[in-house]
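> turn this into a model:
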Amino acid sequence: MSEVVLAVDGGNSKTDLALVGADGALLSLVRGPQSSPHHLGLDGCLDVLASLLDDAISQAGVRSANGAVADVAELTMAGVDFPVEEKQVEDAVRARPWARRITVRNDTFAVLRAGTERGWGVAVVCGAGINCVGVAPDGRHARFPSLGAITGDWGGGYDVGLEAVWAAARSEDGRGPKTSLEHEVPAHFGLDTPIELAEAIHAGRIGQRRVIELAPMVLAQARTDEVGRAIVRRLVSEVAAMARVALTRLGLERQPVEVLLGGGLLQTAEDGLLSDIEAALAETGPAITVRSTRSPAIVGAALLGLDALHAKRDAHERLRQELGGAVEQLGRRFDDG
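This is a model prediction of the structure:
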């Protein structure tokens, strides 16, 4: 039987798991709930992955002769921010018959690999939170703990959404400038006023984590609303700050380097937002380009697995086409249902 890669993009809101062949052929793709060990604990994380893997095996009908499902496993996970956490997940997975070779990394590495064939550069991820990784041509890394406010982070979808709720409340009672967010924010939840929203969150009728749903609306309102624009300017500044620090730590400022943007908040960002981030980085170096990743993060995880198998370039392109297309179809099914 040909070699198999087990690839995982384990996020704070969903998890994609794929089995692919060494030739880049997609064998199976499944999607499930979040698997971040930061939120679920190690056992909860592994339970989610095990359930998804069972579904993927059933879909693909694969099992290698040595008893392992795959030859290589690349698990790129949110909530795995320190080397000790990577090792904890890796050790736990090694106790299961999932793969002969196992690597656990933060999900930023998948975003970077999804965005470039060079294998180096900087990736900034804005999903529920914000994170960044830089990889130099010689393999050196620059990373951030990305634990939220306690490590100085701001800029994920939750932060942007919460800032919109804050601005809406202050617009209503007069402590802040008037903004269209005063109406749009509570309307998203079927309410009329920010104070009604505040009461619903306080009473537990609406979970505060749901403010993450507001982030795309903030980006849209920023076209016409000055308060929305101020929130987006702060987002641009935070993304640029992370990328700048990663670039300077690795000494890449003067090189032609790509900054790849991924995650739900940035991967579909409009050209204006990308241009603003690129302009904010212009003083850092003369040859820095900013763009969204070529492919979804699960494709990056699978490409890392193909790299471990020393797969040929045509396998990479086949993987991007087959797995990327399958993720798009899977996303449409989830959106519809």
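
> was I right to think Ala308 contacts Thr103?
Yes: counting by Cβ atoms under 8 Å, Ala308 touches Thr103, with 7.4 Å between them. (Glycine included, C-beta is placed from N, CA and C.)

> quickly list what's touching both of these two.
Residues within reach of Ala308 and of Thr103 at once, by Cβ atoms under 8 Å, 6 or more residues apart in numbering, are Val72, Glu74.

> same question for stretch 7-22, mean pLDDT?
For stretch 7-22, mean pLDDT rounds to 94.

> try stretch 152-164
Averaging pLDDT along stretch 152-164 yields 96.

> contact partners of that stretch?
126-131, 144, 146-147, 181, 185, 208-209, 211-215, 217-218, 228, 231, 234-235, 238-239, 263-265.

> okay, and which of these map to helices?
Leu181, Val185, Ala215, Met217, Val218, Gly228, Ile231, Arg234, Leu235, Glu238, Val239 (DSSP state H).

> once you drop chain neighbours, what's closest to the fifth one?
Taking Cβ to Cβ, 6 or more residues apart in numbering, and ignoring the residues beside it in sequence, Val218 has Ala164 as its nearest neighbour in space, at 4.9 Å.

> list the buried ones in the one helix or strand that neighbour maps to?
Applying DSSP states H and E as the criterion places Ala164 in helix 157-173. Applying a neighbour-count criterion of 16 or more other Cβ atoms under 10 Å, one finds 157-172 buried in helix 157-173.

> and for stretch 136-147?
For stretch 136-147, using 16+ other Cβ under 10 Å, the buried residues are Ala136, His141, Ala142, Arg143, Phe144, Ser146.

> tell me the contacts of the nearest residue to the fourth one once chain neighbours are set aside?
Distances taken as Cβ to Cβ, 6+ apart put Val133 closest to Arg143, at 5.3 Å, once the chain neighbours are dropped. Applying Cβ under 8 Å, 6+ apart, we find Val133 in contact with Asn106, Thr108, Phe109, Leu112, Val122, Ala123, His141, Ala142, Arg143, Phe144, Ala246.

> parallel or antiparallel, list what pairs with the helix or strand where Val133 lies.
Assigned by DSSP H and E, Val133 belongs to strand 130-135. Under the criterion DSSP bridges, strand 130-135 sits next to strand 121-126 (antiparallel), strand 141-143 (antiparallel) in its sheet.

> what's the end-to-end length of stretch 282-290?
By Cα to Cα, to the nearest Å, the extent of stretch 282-290 from end to end equals 10 Å.

> quick one: stretch 62-76 to chain centroid distance?
Relative to the mean C-alpha coordinate of its chain, stretch 62-76 is positioned 24 Å out (Cα atoms, centre = their mean, to the nearest Å).

> what's in contact with that stretch?
The contact list for stretch 62-76 (Cβ under 8 Å, 6+ apart) reads 1, 3-10, 19, 22, 27-28, 49, 53, 57, 89-90, 93, 97-107, 109-110, 297, 300-302, 304-305, 308-309.

> please apply the same query to stretch 316-328.
16, 18, 20, 23-26, 29, 117, 294-296, 298-299, 302-303, 306.

> excluding covalently adjacent residues, which one is nearest to Ala308?
For Ala308, ignoring the flanking residues on the chain, the nearest one in space by Cβ to Cβ, 6+ apart is Val72 at 4.7 Å.
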